[in-house]
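Undergrad: Pasting the sequence and the predicted coordinates here, then a few questions.
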Amino acid sequence: MKMNRITSRKILPRIILTTCLACIAIPTSNGDRVLSQAESSVTITQNPKATTSKAEADRLREQARQQSQAKQYSEALKSLEQALQIYRSLKDRSNEAKTLTNLGQIYRSLRDSSKAIAYYQQALDITIQIADLQLQSNVLNSLGNVYNALGQKQKAIEFYQQSLAITEQTSESVCAKSPKDKSCIVIRDIQRSSLNGLGNIHNSLGQHQKAIEFYQQSLAIAKQMGNRQGEGLVLGNLGNIYDSIGQPQKAIELFQQSLAIAKQLGDREGEGTMFLSLGNVYNSLGKYQEAINFYQQSLVIAKQLRDQKSIGSALGNLGSTYNSLGQYQKAIELFHQSLVIDQKLGDLQGEGITLGNLGNAYYYFGKSQKALEFYQQSLAIAQQTNNRHSTAIWLNNLGNVHNSLGLYQKALEFYQQSLAIAQQMSDRNGEGKLLGNLGNTYYYLQQYPKAIQFYQQSLANAKQIGDRQSEGAWLNNLGVAHHYQKQYLKAIEFYQQSLSIYQEIGDLDGLGSALTNLGSAYTISRQYPKAFDYYYQALATVQQIGDRHGETATLKNLGYLFTTQQQPELAIIFYKQSINVSESIRQDIRGLPKTVQQSYLETVADGYKRLADLLLKQGRVMEALQVIDLLKFQELEDYLKNIKGSDRSAQGVRLLEPEKVISDKLLAVSFENSPEINNQLAKQIQQLPKSEINKVPDYLQKIPQGTALLYPLILGDRLEIILFSPNTLPISRTVKISPKEIETLVTDFRATLLDTGSEDYKEPAAQLYKLLIKPIEAELTQAKATKILYAPDGILRYVPLTALYDGKQWLAEKYRISNLIAYTLFDFSPQPKNTLNILAGAFGGKAGEKKFGQNALPATLTEIQAIANSFQNSVTLAEENFSRQAIESNFQNHNILHLATHAEFNIGVPENSFIIFGNGDKIRLNEITNWQIPNIDLIVLSACQTGIGKLGDGVEILGFGYQVQKAGAKQAIASLWKVDDSGTQALMAAFYREFQKGDITVTEALRRAQVSLIKSSNFNHPNYWSAFFAIGNGL
């Protein structure tokens, strides 16, 4: 699914805004300049003193010209201000106007638009008073440039048209005498510049054909007047327009022509600009290495010229390319370098663009909160500078972030605000993309008919403005929406149209998506040979452009295709390859793909499950166990984004020797010969020793005696229970039960656990014991297991394993149980026992009152006081003193962090889950890794709850465990629901009483505390003791 991110690519201003080169030039000291008719009639040379003063003013203007060329803008401003005072003292109105114009141009270069406009306006008033039409037309043209840059397109058009009217009127009389006359050359150059400016505006508004007409007129004038520099500028702008309408090859031709002219003229700045433009078009084609090469050449030239602004532009564009490559850290570094330059130059608009680009990088890096901060800063600058175009861009991007957070209504609000601005500005290009983004949001809301309406509007817009690339994208998205409505023939029709466009314009990124989508549509339509052909074309395409996210999806889809063909051995190879690519991406810490393509048959995580399913059916349990463990990483990736795998997970799934042979020549497999290859592969695998197929990884051989790994896996038609213990091969047991039946069992069990007045909890507890433990009961006994490392799947994460009942005992009475994130993250080495230094915080408040929207927790004050009384080295913080900053500033001196406060782990995005402090501060789940706490052995959350409102897949619980471990803490204790104050105090008091005895683990101390409550008279209901679970590195 294509999510449009309207970006601001930093391109050197001379391509976007051209000015009359001859007319703005500051005169040379020898008087070689263009005089207007009005200026030449002023006789000031009769006064020797006046002549001397004027010569000094002329010298200062020449000095300013040289300083401006050297980008020494501060010095140039000083020189011009001095010259202005002299011209004013001489009452030389013509040169006063020219100097004011020059000052405006300097401030325009500094992107200080308000000052530029003020100086231009003063100059314009003078030119009207002295009736200097030539100078007046130039100032009007300059005002058009600055309003265009501000995004005030209509106002810019008015100024350009006024300038154009004057130049057309005066050129007839001036140029009729001699086309080579200096005045004629100046007038025609102003005319060319205004036409170019009008072309820029209509291009930005998506009125591409009109823009091309203006550019062609401008180009004709440049050629007629022999203005090679002007010709190169217009060719570059024509290149930009063909790039924006999805004709990259035409754009490349025009950029190359412009580059050749720049080289011929020795225009190094022009060369740098064209290298930037060529980089942009190759970037949009997904040819990132070529783009980087061009940007690097531009950067070299900018550094040679000591042009800080161009250096910033090149760095920014390099950052955008590394962002497209998924190398977000590198992109962020480059954007920060660019930002320093923007701020040093005082370039507020450039700063806004770079801040927005940083937002883009953090957005794709999966750091949504950070992205929001940068977009808000960009938006504030755009509004401050009254740049409506940029305002629309950052509103759109804020919509994108809220979409990714699942806050769809908020996203719709941002898109509508942005759309209103685009429509007011007649920005057809931006309007089309925003209509498409509204369509995307309704697609995510599964309101497909409404999504289709917006996509159709976007498509009509793209066709009208000739934007072929967007046309291909919206056709693709129309196919997606129809696909999800099971209108497969219609979906295929749209995909085919999209494919044709992408082939025509050479967009390999879009081509890979369209081919994959066609493969999916033909698979679900059971036209398997066609599906195979399209998938193979897609695979070749995504591998060619290095799109590893696309490669993952296509390999996975091929795995599904061969599963439908009853060719499990080949399906396993494709699924394994898909997973290995995913794991290699994760190792590089790459986040969201540039273009988010939905998989129609299954999510990425479902691909892991399908592979595990196939392996289990073939009795390849050890391989399945590895895949299920990697599934945990993929679920975390889907939830948290940018999960960096461990050295173990980076190895992916091991290919057996016969599989390696086939995998090296996957593209040589055809649909016709696949059954034969599958049969050969099956025979070769059957001949392998069982010890080879179920080879136990080295790190799993370190699992301590008496410990068992328990992995349940919920599949479409059954529950698989995998058990692994030392010195044995893993086993799997199958229970025929549907996911819906499991959900009912879990929901009913949770209901009895949450009701302390209910005595019906033993029956569902026994049912779940029969489901999860009974099938492996004998093996647990045989292994003499006393400890269970439990890695639940899906909705089972909401079930406290300790509260399962065998008819005589609770599981907490028989086993020490710790929840596992993934065994590839588990450290089996013994943990040293440190002196307990506890940092405890309490939410507090008075009974019955509300604090920060939450119920007060007065008993938490007693809870932490009990800790302070029991442990000498403890520090307690209560209520207002219990702030995020206070906790973070005390990390280093403690090894246990006890937070007696509200915490919620909710379904949806990680931003929905949080811990709240006594002063109202919050830390969200996705921010926990900002804590650097390698010295913390244990985090205790004594008042948290999960599954509020409804149960999901429990990934928020998995996410909490991962974030805590990634931050550096070794283990955590949390609760699945909020236990009442007295029960919590009793459990926590018992836990710390046991834990301070000495040589005892966190998990064992928790187990003993739970058993003590089971045997008590007041708190023996499982509501009080089973809510608490340990997760992380601990036995």
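TA: Done, it's in. None of the values given here were measured: they were computed from a predicted structure.
Undergrad: Which SSE is immediately downstream of whichever strand or helix holds Ala943?
TA: Using DSSP states H and E, Ala943 sits within strand 938-946. Following strand 938-946 in sequence order, the next helix or strand is helix 955-967 (DSSP H and E).
Undergrad: Just give me the neighbour total for the closest residue in space to Pro775 that isn't next to it in sequence.
TA: Counting by C-beta to C-beta, 6 or more residues apart in numbering, Pro775 lies nearest to Arg733, which is 3.8 Å off, once chain neighbours are set aside. For glycine as for every other residue, the C-beta is placed from the backbone atoms N, C-alpha and C. Residues lying near Arg733 (other C-beta atoms under 10 Å) number 15.
Undergrad: ok, the closest residue to Leu372 other than its chain neighbours - contacts?
TA: Once flanking residues are discounted, Leu372 sits nearest to Val401: 5.5 Å by C-beta to C-beta, 6+ apart. Neighbouring residues of Val401 by C-beta atoms under 8 Å, 6 or more residues apart in numbering: Gly359, Tyr363, Ser368, Ala371, Leu372, Tyr375.
Undergrad: what's around the fifth one, how many residues?
TA: Neighbour count for Leu372, taken as other C-beta under 10 Å: 19.
Undergrad: cool, the second one as well?
TA: Taking other C-beta under 10 Å as the criterion, the count of residues near Tyr363 is 27.
Undergrad: tell me which element it is part of?
TA: Assessed by DSSP H and E, Tyr363 sits inside helix 348-364.
Undergrad: and the longest helix for this protein?
TA: Using DSSP state H, we find that the single longest helix of the chain is helix 153-177.
Undergrad: any idea of the mean pLDDT for that one?
TA: Averaging pLDDT along helix 153-177 gives 89.
Undergrad: residues of the helix or strand following that helix that come out buried?
TA: Sequence-wise, the next helix or strand downstream of helix 153-177 (DSSP H and E) is helix 182-204. Judged by neighbour count (16 or more other C-beta atoms under 10 Å), helix 182-204 contains these buried residues: 183-204.
Undergrad: pLDDT on stretch 114-134, on average?
TA: Averaging pLDDT along stretch 114-134 yields 95.
Undergrad: The spatially most central residue of the chain and Leu358: what is the separation?
TA: Centroid-nearest residue in the chain, with C-alpha atoms, centre = their mean: Tyr364, separated by 1.4 Å. Distance, Tyr364 to Leu358, using C-beta to C-beta, to the nearest Å: 11 Å.
Undergrad: and what of Phe532?
TA: For Phe532, the distance to Leu358 (C-beta to C-beta) stands at 43 Å.
Undergrad: Settle it for me: which of the two has more neighbours?
TA: Higher neighbour count among Phe532 and Leu358: Leu358, with 27 against 22, using other C-beta under 10 Å.
Undergrad: isn't the more buried one right up against Phe374?
TA: Yes: counting by C-beta atoms under 8 Å, Phe374 is a contact partner of Leu358 at 4.6 Å.
Undergrad: Tell me how many other residues surround the residue lying closest to Gln456 once chain neighbours are set aside.
TA: Spatially, and ignoring its direct neighbours in sequence, Gln456 is nearest to Leu478 (7.0 Å; C-beta to C-beta, 6+ apart). By other C-beta under 10 Å, 24 other residues sit near Leu478.
Undergrad: Quick check: pLDDT value at Lys49.
TA: Looking at Lys49, its pLDDT is 52.
Undergrad: What segments of the stretch 751-900 of the chain are strands?
TA: With strands called from DSSP state E, counting those that start in this stretch, the stretch 751-900 of the chain shows them at 787-790, 816-819, 838-842, 850-851, 854-855, 875-878, 896-905.
Undergrad: same thing with the stretch 901-1035 of the chain?
TA: Using DSSP E, counting those that start in this stretch, the strands of the stretch 901-1035 of the chain run over residues 914-916, 922-924, 938-946, 971-975, 1028-1032.
Undergrad: Need the residues that contact the second one.
TA: The reference is to strand 922-924. Residues outside strand 922-924 that contact it (C-beta under 8 Å, 6+ apart): Gln369, Arg884, Pro910, Glu911, Ser913, Phe914, Ile915, Ile916, Phe917, Trp931.
Undergrad: who does that strand pair up with?
TA: According to DSSP bridges, strand 922-924 forms sheet pairs with strand 914-916 (antiparallel).
Undergrad: tell me the domain ranges of the chain?
TA: 1-218, 547-695, 700-825, 838-1032 (automatic domain parsing).
Undergrad: Can you pull out the low-pLDDT segments for this protein?
TA: Across the chain, the ranges flagged by pLDDT under 70 are 1-51, 587-603, 642, 644-648, 650, 667, 829-832, 947-949.
Undergrad: hang on, the earlier thing: give me the contact list for the longest helix of the chain.
TA: 133-134, 136-138, 140-141, 143-145, 147-148, 181, 183-184, 187-188, 190-191, 194-195, 197-198, 201, 204-205, 389, 425-427.
Undergrad: Then stretch 722-729?
TA: 621-622, 624-625, 628, 690, 694, 696, 700-701, 703-705, 707-713, 730-733, 776, 779-780, 783, 785.
Undergrad: Paired strands for the helix or strand containing Glu720, with orientation please.
TA: For Glu720, the element it lies in under DSSP H and E is strand 719-724. Strand 719-724 has the following strand partners under DSSP bridges: strand 707-714 (antiparallel), strand 731-735 (antiparallel).
Undergrad: Any idea how far the first one is from the middle of the chain?
TA: The gap between where strand 707-714 is centred and where its chain is centred comes out at 34 Å by C-alpha atoms, centre = their mean, to the nearest Å.
Undergrad: Identify the residues contacting it?
TA: Here strand 707-714 makes contact (C-beta under 8 Å, 6+ apart) with 609, 612, 616, 625, 628-629, 703, 719-726, 730, 739, 742, 772, 776, 780, 783, 785-796, 820, 823, 1035.
Undergrad: Ok, stretch 478-493 next?
TA: In contact with stretch 478-493 (C-beta under 8 Å, 6+ apart) are residues 1, 439, 443, 446, 448, 451-452, 455-456, 459, 494-495, 498, 517-518, 520-522, 524-525, 598, 600.
Undergrad: Out of those, which end up buried?
TA: 1, 439, 443, 448, 451-452, 455, 459, 494-495, 498, 517-518, 520-522, 524, 600.
Undergrad: Among those, name the ones in strands.
TA: Among the buried ones among the contacts of stretch 478-493, none falls in strands (DSSP state E).
Undergrad: quick one on the thing from earlier: okay, and which of the contacts of stretch 478-493 map to helices?
TA: Counted as lying in helices by DSSP H, out of the contacts of stretch 478-493, are 439, 443, 448, 451-452, 455-456, 459, 494-495, 498, 517-518, 520-522, 524.
Undergrad: what about the closest residue to Met425 other than its chain neighbours, neighbour count?
TA: Closest residue to Met425 apart from its sequence neighbours, by C-beta to C-beta, 6+ apart: Lys153 at 5.2 Å. The tally of other residues near Lys153 (other C-beta under 10 Å) stands at 21.
Undergrad: Please apply the same query to the one 5 residues further on.
TA: One way to gauge burial is a neighbour count; for Glu158, by other C-beta under 10 Å, it gives 15.
Undergrad: Now do the residue nearest to Leu372 against His389, distance only.
TA: Remark: distance between Val401 and His389 (C-beta to C-beta) = 20 Å.
Undergrad: which residues sit in contact with the nearest residue to Asp827 once chain neighbours are set aside?
TA: Counting by C-beta to C-beta, 6+ apart, Asp827 lies nearest to Asn1033, which is 4.8 Å off, once chain neighbours are set aside. Shown in contact with Asn1033 (C-beta under 8 Å, 6+ apart): Leu825, Phe826, Asp827, Gln831, Gln965, Lys970, Gln971.
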